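# Model the structure of this input:
(one chain, ligands or ions: 1)
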Amino acid sequence: MSDVKTALIIGATRGIGRECALRLAQDGFDIVGTCRSNPERFSELETVIKSCGRKFDALAFDIADRKAAEDALCGFFGDGAPDVVVYNAGIRDDEIFAFMTPEQWDKVLNTNTGGFFNCIHPLIGNMISRKNGRIIVISSISGQTGQPGQVNYSASKAALLGAVKALAKEVARKKILVNAVTPGFIATDMTESMDLDQIKNLIPMRRTGTPREVAGAVSFLAGEDSSYITGQVIPVNGGLFIG
Ligand code: NAI
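Alright, predicted model coming up:
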């Protein structure tokens with residue numbers, strides 16, 4: 001049996017998730033990457049990962065669709081489980097709360113927070129049986145501090161921090177470590193529409209972060225050097241919020 005470990009990256013097509021897939025492949029993991037609907041978008045990433053000598057598999061499902069997530073994940077992993085899960089996929093749909101529609105609230109909560117249940121719950125039983133694993137959740141600085149215009153997104157990301165802490169305590173004695181990473185402002189498609197030049201002045205390091213810098217924290221949490229760390233929140237934010 002191969003002793004190569006497998007990392008499942010939820011939301012791996014671009015931005016932070018893509019960079020996590022690359023970094024973990026460079027760390028020696030085979031990669032299973034998920035996207036919402038279009039696995040062809042993975043062809044370039046697959047080539048790069050294979051050039052690191054690692055395997056790549058793609059799964060397509062909407063994380064807000066409970067049955068689709070369960071079917072895809074159970075169908076692929078069967079009686080097994082990934083060694084590392086990076087729960088990265090997420091959306092924002094910003095609006096001042098007074099003008100926020102019920103649809104905006106539901107969509108963001110059902111995706112970001114509901115997706116955690118939909119993606120982690122089908123796998124946790126087998127991870128517990130194997131008595132090993134890492135779960136790394138990409139939350140956000142907005143979930144720590146609250147961000148005006150993002151009441152839905154901040155709520156969804158704060159909920160993930162509660163889930164991480166509670167699950168960490170439930171599964172620690174089964175040797176499963178559960179931690180969160182909270183990025184600040186990272187230059188990706190998600191932040192493309194924001195005025196990042198203006199935001200930079202608010203950041204003590206006077207620059208936005210890169211997906212690679214978030215992937216570095218994920219690599220640490222997936223590796224041997226973090227073997228006694230669980231239930232923690234690792235900020236990657238250039239000093240914007242110091243808790
Ligand atoms: P992005 O928009 O570039 O990528 C998001 C990924 O999630 C994509 O791969 C997309 O396909 C996937 N995804 C979104 N909705 C999905 C759904 N319903 N089903 C399946 N997959 C879905 O975003 P970015 O910037 O790479 O963000 C990644 C994570 O980091 C997100 O959870 C985001 O909230 C979080 N984050 C990002 C920050 C930033 O400044 N870029 C700051 C703090 C947190």
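# Could you pull up the contacting residues of the nearest residue to Gly149 once chain neighbours are set aside?
Using CB to CB, 6 or more residues apart in numbering and skipping the chain neighbours, the partner closest in space to Gly149 is Asp94 (4.7 Å). Yep, even glycine has a C-beta here, placed from its N, CA and C like the rest. Residues in contact with Asp94 (CB atoms under 8 Å, 6 or more residues apart in numbering) are Gly149, Gln150, Tyr153.
# Run through the bridge partners of the second one.
Spelled out, it's Gln150. Each beta-bridge partner of Gln150 is listed here: Glu95, as defined by DSSP bridges.
# Just checking, which helix or strand of this structure averages the lowest pLDDT?
helix 196-200 (a mean of 90; mean pLDDT, DSSP states H and E).
# What lies in contact with that helix?
With CB under 8 Å, 6+ apart as the test, helix 196-200 has contacts from Phe185, Ala187, Arg206, Arg207, Thr208.
# go with 10 Å
The set of residues external to helix 196-200 that reach it, using CB atoms under 10 Å, 6 or more residues apart in numbering, is Gly184, Phe185, Ile186, Ala187, Thr191, Ile203, Arg206, Arg207, Thr208, Gly238, Leu240.
# Skipping adjacent residues, who's closest to the fifth one in space?
Meaning Thr191. Take Thr191 and drop its neighbours on the chain: the residue closest to it by CB to CB, 6+ apart is Phe185, 6.1 Å away.
# How about the third one?
Once its chain neighbours are removed from consideration, Ile186 has its nearest residue in Gly209; the separation is 4.6 Å (CB to CB, 6+ apart).
# mind listing what's buried in stretch 125-143?
Counting neighbours by 16 or more other CB atoms under 10 Å, one finds that the buried residues in stretch 125-143 are 126-128, 133-143.
# Also near the ligand: which of these, exactly?
When CB under 6 Å from any ligand atom is taken as the criterion, the members of the buried residues of stretch 125-143 that contact the ligand are Ile138, Ser140.
# With respect to Arg14, which of the buried residues of stretch 125-143 is nearest?
For the buried residues of stretch 125-143, the residue nearest Arg14 by CB to CB is Ile138; the value is 13.3 Å.
# show me what contacts that closest one?
Taking CB under 10 Å, 6+ apart as the definition of contact, the neighbours of Ile138 are 10-11, 15-17, 20, 86-90, 112, 157, 160, 180-183, 186, 214, 217-218, 236.
# Take those and keep only those in helices.
Of those, the ones assigned to helices by DSSP state H are Gly15, Ile16, Gly17, Cys20, Lys157, Leu160, Val214, Ala217, Val218.
# In contact with the second one, which residues?
Think Ile16. Under the contact definition (CB under 10 Å, 6+ apart), the residues listed for Ile16 are 9, 86, 88-90, 138, 181, 183, 186, 188, 190, 209-215, 218, 236.
# Could you rerun that using 7 Å?
When the contact criterion is CB atoms under 7 Å, 6 or more residues apart in numbering, the partners of Ile16 are Asn88, Ile138, Pro183, Ile186, Thr188, Pro211, Val214, Ala215.
# Could you measure from it over to Ala215?
The span separating Ile16 from Ala215 equals 7 Å under the rule CB to CB, to the nearest Å.
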